[in-house]
Structure formats: structure tokens, C-alpha cells
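In: need a structure here:
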Amino acid sequence: MPSTLACALLAALVTPLTARADDQPIDLVYRSFEGCPSERQFIEMVVGRAAKNLVASERARGRKFQITVKARGADTLGKLEITTGVETASREVTGTNCGEVVSALALFTALAIDPAASIEPAPPKPADEPPKPDVRPAVAPRPKEIDLPSSPAPGASHRSQWRAGARVVGAGGFPGGSAMPAASGGAGLFLQWSTPGFGIYRASGAYFVPVETDRATFHFVSGRFDGCPVDVPLGRSTVLEPCIGVELGGVTAAAKATSDLEASTERRWWVAGDLLLRTRFSPFPWIFSELEVGAVVPFTRYVFLLGTEAAPRGEAHQVPGLGWVLGFSVGGRIL
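Out: Numbers count the residues shown, from 1 in each chain. Model prediction:
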């Protein structure tokens, strides 16, 4: 008898939960972070835009809707996935406000259910007004592959972003100097392009402070192209970006005249590969600061000699096999 009573109580608890899940007109999973609209508010946004008869029959189509909203740095990234059998269609939306991103995803969901859905949700009806029957003609179910609209809600964007700024940088080598005989600091500008699905790319340039030795003076100018395939959010306003880069520049060495050596100048190309780790802090959507650290692998390991090749008078500098780079940048979003 106790066992029978326990089974009856368990069935009484589980049955209402299952009934409530089946009562939902749309088969969806909604995930968001604190401060975003709730799942109930999201469903109201969808139902308020689409025809009631199509919403009521949506679960019979066998489609599953998965909505994911998460923070990425100073932005909010939203994703809608619609699964029919083994096929999945998706749409991503990026914006600075969680509510606007969720509203855009609700619009895409409503249009997937009803191609003639309203852009804005229907206003709530007065309490004393009886509900009017929906006389819109039924529309055949949409094909499995859904062509979701590309225009986001106002304020939300999934377009490319452009950033620009200035940076100060230091470079050197673990055994000694790198492109020049000693560690040196420089400064320059950069331009960055990022997309939600294809990573971040940056072009930058820097002029370094000349390095003086007792035998020669060295000048170094460098340009670099970086690619960052992924970014890892560390908080609401902080992002970690692992990157790879290629440097291309030029080194000029001017030998100092002595009693037995004439002044001369030599130029060499500089080519190197960089492995970088960059942390970006964005207190506001339009401005940011960055700290960068990385290793430099020179591809051109030249040697500067004093005198001539036929009669060398000593070595002025030899590029080591491994160097380092440390930088700090500030900038802003321009597009």
C-alpha cells in the first residue's frame, strides 16, 4: 500500500509539469543572462506579431526553436536556431542592448511561423473588449530551409565593425636585442575590422626610437597584420583574443666613422611571425583599451658587420632566434 500511494503522488506531481510544457504553442528553448527579457516575455513578443491560428498549429509542424543570448565583451550576441528533422537554419544578431537583440530574435521567430507577421507586436487589448476572431486565411507551412530576413530591429546590428586607435609598443629579444641591438620602444596607429562569424583582423604600423651603440646607430620601422580567429569573454566588458601576426619592416644601420673606419650605411628587410595574446577592456561600446604581449620569431636573421665583407672589422649586431613584444593601445569604434 505505501508503494502504491507514493507512485500516485509522483504521478500527480509530474503530470501538471508535462501538461504545462505541452500547452506551449511553440516548441522552444530560451537561454539568456540576467537583465534580459524572460522566456514568457519572449513568447509574448512572438505571439503578439504572428497570426494566432498559425501560432496554435506551430507545434504540429515538428520544428524546434532554440534561442541563445549571451554577453560578448560590451556587446550582446543572440542566436536563433530552427531545427526540422536533421536540418537546422540559424540567424545571429549583435547589439549593445539585450532587450533590442531579444526583440530582433522574436521578430525572426514570428516571421518563421507567419511570413506576414507584424514588425511590432500587437498592443494589448482593453480588458472589457471581447477578443475578435482571427479571420486571416491559413498559410501553408513554410519549407524546411528558412530564409530569415536580414534587417535587424532598430539598435541591433550584425554588421562588420571598424575600430581605429593608437598604440605604444616595446620590442626586444630574449638573448639581447631583436631587430636592433637593444630593446626599444615605439608608437604607431592601427585599423581593425571584425565580423561576428569570421574573426578579427588588424593592420598596424610603428616607428621605433633609434638605438645607439659605440659603433653604429640603428633605425627600425615596422608594419604588422594580425588575425584573431576567436575571442573569449572574461566579463561584461573584457575580452581575451589569441592572435597570430606577420611583421614586415626595414632596419637601417649607420656605422660611425673612426680613425680606421669610414662611415657607411646598410639597410635590411625585416620579416617575422608573431604569436600574440591581447586583452581588450571596453567600459563603453565606443571606446576601449588593450594590453598585448607576445613572442616574435624572426624569419630574417641578418648580421651587421663593420668594414667590408672582404675585410670585416667586427660585428655590430646579429638578430637572435626569438624575441618579445609588449604593447598598450587605446582606440574607438568608427563604424
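
In: ok, residue 319 to residue 248 distance?
Out: Residue 319 is 15 Å from residue 248, where distance means C-beta to C-beta, to the nearest Å. The C-beta positions use only the backbone N, C-alpha and C, and glycine is treated the same way.

In: comparing the two, which residue is more hemmed in?
Out: residue 319 (24 against 15; other C-beta atoms under 10 Å).

In: contacting residues for the more buried one?
Out: 173, 177, 178, 179, 298, 300, 301, 302, 303 (C-beta atoms under 8 Å, 6 or more residues apart in numbering).

In: what's the lowest-pLDDT member of the residues you listed?
Out: Looking at pLDDT alone, the contacts of residue 319 dip lowest at residue 177, where the score is 66.

In: so where's the stretch 201-335 of the chain uncertain?
Out: Along the stretch 201-335 of the chain, the model assigns pLDDT under 70 to residues 260-261, 306-314.

In: which stretches in the stretch 201-335 of the chain count as strands?
Out: 211-212, 216-228, 232-233, 238-255, 264-284, 287-298, 303-307, 312-318, 323-333 (DSSP state E, counting those that start in this stretch).

In: pull stretch 56-74 out as CSV, backbone CA atoms only.
Out: Taking Å, rounded to 0.1, in the frame of the first residue of the first chain, the C-alpha atoms of stretch 56-74 are listed here in CSV:
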residue,chain,number,x,y,z
ALA,A,56,-1.6,27.5,-32.4
SER,A,57,-0.7,25.0,-35.1
GLU,A,58,3.1,25.5,-34.9
ARG,A,59,3.9,22.6,-32.6
ALA,A,60,2.2,20.2,-35.1
ARG,A,61,4.9,21.1,-37.7
GLY,A,62,7.5,19.4,-35.6
ARG,A,63,10.0,22.3,-35.6
LYS,A,64,12.2,23.1,-32.6
PHE,A,65,13.3,26.7,-31.8
GLN,A,66,16.4,27.4,-29.7
ILE,A,67,17.2,30.9,-28.7
THR,A,68,20.6,31.7,-27.0
VAL,A,69,21.5,35.2,-25.8
LYS,A,70,24.9,35.9,-24.2
ALA,A,71,27.3,38.7,-23.4
ARG,A,72,30.4,39.2,-25.5
GLY,A,73,32.5,42.0,-24.2
ALA,A,74,30.5,45.2,-24.3
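
In: so which of the strands of the stretch 201-335 of the chain gets nearest residue 46?
Out: strand 232-233 (27.4 Å; C-beta to C-beta).

In: can you name the residues that contact residue 292?
Out: 167, 169, 276, 277, 278, 279, 325, 326, 327, 328, 329.

In: and the spatially closest residue to it that is not a sequence neighbour, what does it touch?
Out: Of all residues not flanking residue 292 in the chain, residue 327 sits nearest, at 4.1 Å (C-beta to C-beta, 6 or more residues apart in numbering). Applying C-beta under 8 Å, 6+ apart, we find residue 327 in contact with 167, 168, 169, 170, 290, 291, 292, 293.
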